[in-house]
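>>> Return a 3D structure for these sequence lines:
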Amino acid sequence: MPERLDYIVAIVEEQNITRAARRLFITQPALTKYINKLEEEYGIILFDRKSSPITLTEAGRVFLEEKTRIEIAEQNLRHRLEALKNSNVTITLGIGHDRAPRWVPKLLQEFCRRYPDINFMIKGAGELSLPDKLRSGEIDIAVGVFESNEDNMEWRYLTVEKLRLLVPLAFGIFPEGFSPEESVNHPYILKPEQLNGLDYISPAITMGAYDSYQVLRQLYSLHIGRQITTTSARTIRSMVIHDLGYGYGVVGSASNLQDENGVFKAGCCILPGLPTRRFTRAAYHSNHRHVELLRDFTDILERQIIEGCLPGSIYWKDYQNEEPLFV
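Next comes the predicted model:
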């Protein structure tokens with residue numbers, strides 16, 4: 001039976017078989033049948049269907065990790081064989097899905113002007129998966145929000161991004177006289193109980209913001225209403241603006257709180273214990289055969305940031321630490 005890791009990942013991220021089937025554009029019975037056959041073939045139980053939301057069993061977690069590693073190795077082999085067909089150098093960049101369209105075009109415009117014979121492959125990815133892709137050799141350089149303790153790695157801090165809980169004004173939790181525009185830099189301090197029962201827009205497990213979501217769930221026993229999971233930070237903000245729930249993410253400017261008509265629809269909040277900022281960085285192996293190219297690539301990206309070409313980003317050396325990491 002052909003294995004579809006995207007089926008398993010969809011269930012993990014959606015935490016619900018019906019929603020996962022809808023996302024995959026297949027029927028719920030078809031998805032359930034596939035999982036049952038896979039479990040029968042390997043003699044294991046992949047998901048604990050008795051829990052709500054649905055979760056991976058330990059065997060399911062190992063299965064997903066190992067199969068993902070095998071798939072990455074196969075992709076890496078295909079990419080390397082493809083590169084051998086071409087005498088030119090190919091650099092593979094791993095970068096978050098939302099970050100890629102904002103950062104990559106101008107970056108490559110300058111880099112390709114300097115190095116016209118260098119080929120490039122752009123791989124949009126969930127930022128939490130970037131360390132594994134870098135370790136396996138699937139990508140040559142990673143750009144985003146992630147952590148790694150691997151040796152022989154060169155790091156370059158790039159930007160600081162402000163993290164906020166974004167809450168629709170329609171939810172009625174803000175006091176009289178509240179200013180959404182001012183809340184970007186002076187967020188409203190919430191009491192956890194104010195969020196009980198409200199709908200939540202959740203980042204997918206592959207996103208850089210997922211760690212902060214886990215902190216939110218661990219610190220506070222919140223009763224969440226409906227939960228919508230997405231793989232896009234931009235979509236989280238858009239859903240908040242349209243009153244579909246509150247969400248945790250990056251706010252670059254007050255315009256992120258406005259609808260298409262320029263009307264403020266949401267405000268920024270913080271909760272005690274949640275991080276208020278995060279760092280983006282670039283990373284690559286110091287023993288990479290093209291390490292000088294990767295350093296120059298990162299220099300160009302850093303120069304773009306210094307010159308203010310990246311909306312909503314603060315160059316990390318210019319960041320004025322006026323607020324604590326945690327409230």
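>>> In the stretch 151-300 of the chain, mark out all the strands, start to finish.
Counting by DSSP state E, counting those that start in this stretch, the segments of the stretch 151-300 of the chain that form strands are 153-168, 188-189, 200-203, 227-230, 246-250, 266-270, 277-285.
>>> So for residue 40, which of those strands sits nearest?
strand 227-230 (28.0 Å; CB to CB). C-beta here means a position set from N, CA and C on the backbone, and glycine is covered the same way.
>>> buried set for that closest one?
By neighbour count with 16 or more other CB atoms under 10 Å, strand 227-230 contains the buried residues 228-230.
>>> Reformat the residues you listed as TSV; add pLDDT and distance to residue 253.
Shown next, in TSV, are these (pLDDT from 0 to 100; distance: CB to CB, whole Å):
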residue	pLDDT	distance to residue 253
228	90	24
229	88	26
230	86	21
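>>> if we can go back for a sec, distance to residue 75 for the strands of the stretch 151-300 of the chain - can I get that in a markdown table?
Shown next, in a markdown table, are the strands of the stretch 151-300 of the chain (distance: least, CB to CB, whole Å):
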| stretch | distance to residue 75 |
| --- | --- |
| strand 153-168 | 21 |
| strand 188-189 | 45 |
| strand 200-203 | 24 |
| strand 227-230 | 25 |
| strand 246-250 | 29 |
| strand 266-270 | 39 |
| strand 277-285 | 18 |
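>>> Identify whichever of those lies nearest to residue 120.
Once the strands of the stretch 151-300 of the chain are compared by CB to CB, strand 277-285 is nearest, at 14.3 Å.
>>> helices or strands next to that closest one in the packing?
Under the contact criterion of 3 or more CB pairs under 8 Å, 6 or more residues apart in numbering; DSSP states H and E, the helices and strands touching strand 277-285 comprise helix 130-136, strand 141-144, strand 153-168, helix 291-306.
>>> which outside residues touch the helix or strand encompassing residue 38?
Assigned by DSSP states H and E, residue 38 belongs to helix 28-42. With CB atoms under 8 Å, 6 or more residues apart in numbering as the contact definition, helix 28-42 has outside contacts at 1, 3-4, 7-8, 11, 17-18, 20-21, 24, 45-47, 63.
>>> Who are the packing partners of the helix or strand that that helix is followed by?
Sequence order places strand 47-48 as the next helix or strand after helix 28-42, per DSSP H and E. Judged by 3+ CB pairs under 8 Å, 6+ apart, strand 47-48 is in contact with strand 55-56.
>>> pLDDT of the strand it packs on, averaged?
The average pLDDT within strand 55-56 is 89.
>>> which residues touch that strand?
Residues contacting strand 55-56 (CB under 8 Å, 6+ apart): 12, 15, 46-48, 64.
>>> rerun at 7 Å
12, 46-48, 64 (CB atoms under 7 Å, 6 or more residues apart in numbering).
>>> Need those in JSON lines (columns: pLDDT, neighbour count and distance to residue 245).
Listed next are those as JSON lines, based on pLDDT from 0 to 100; neighbours: other CB atoms under 10 Å; distance: CB to CB, whole Å:
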{"residue": "12", "pLDDT": "88", "neighbour count": "22", "distance to residue 245": "20"}
{"residue": "46", "pLDDT": "91", "neighbour count": "20", "distance to residue 245": "29"}
{"residue": "47", "pLDDT": "90", "neighbour count": "19", "distance to residue 245": "25"}
{"residue": "48", "pLDDT": "89", "neighbour count": "14", "distance to residue 245": "25"}
{"residue": "64", "pLDDT": "89", "neighbour count": "16", "distance to residue 245": "27"}
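>>> Adding distance to residue 191, write these out as a markdown table.
Conversion of these to a markdown table gives the following (distance: CB to CB, whole Å):
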| residue | distance to residue 191 |
| --- | --- |
| 12 | 32 |
| 46 | 39 |
| 47 | 35 |
| 48 | 33 |
| 64 | 37 |
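>>> Nearest to residue 246 among those residues?
Nearest to residue 246 among the contacts of strand 55-56, counting by CB to CB, is residue 12 at 22.7 Å.
>>> any idea which element that closest one lies in?
Assigned by DSSP H and E, residue 12 falls in helix 5-14.
>>> Who are the packing partners of that helix?
Packing partners of helix 5-14 (3 or more CB pairs under 7 Å, 6 or more residues apart in numbering; DSSP states H and E): helix 17-24, helix 58-84.
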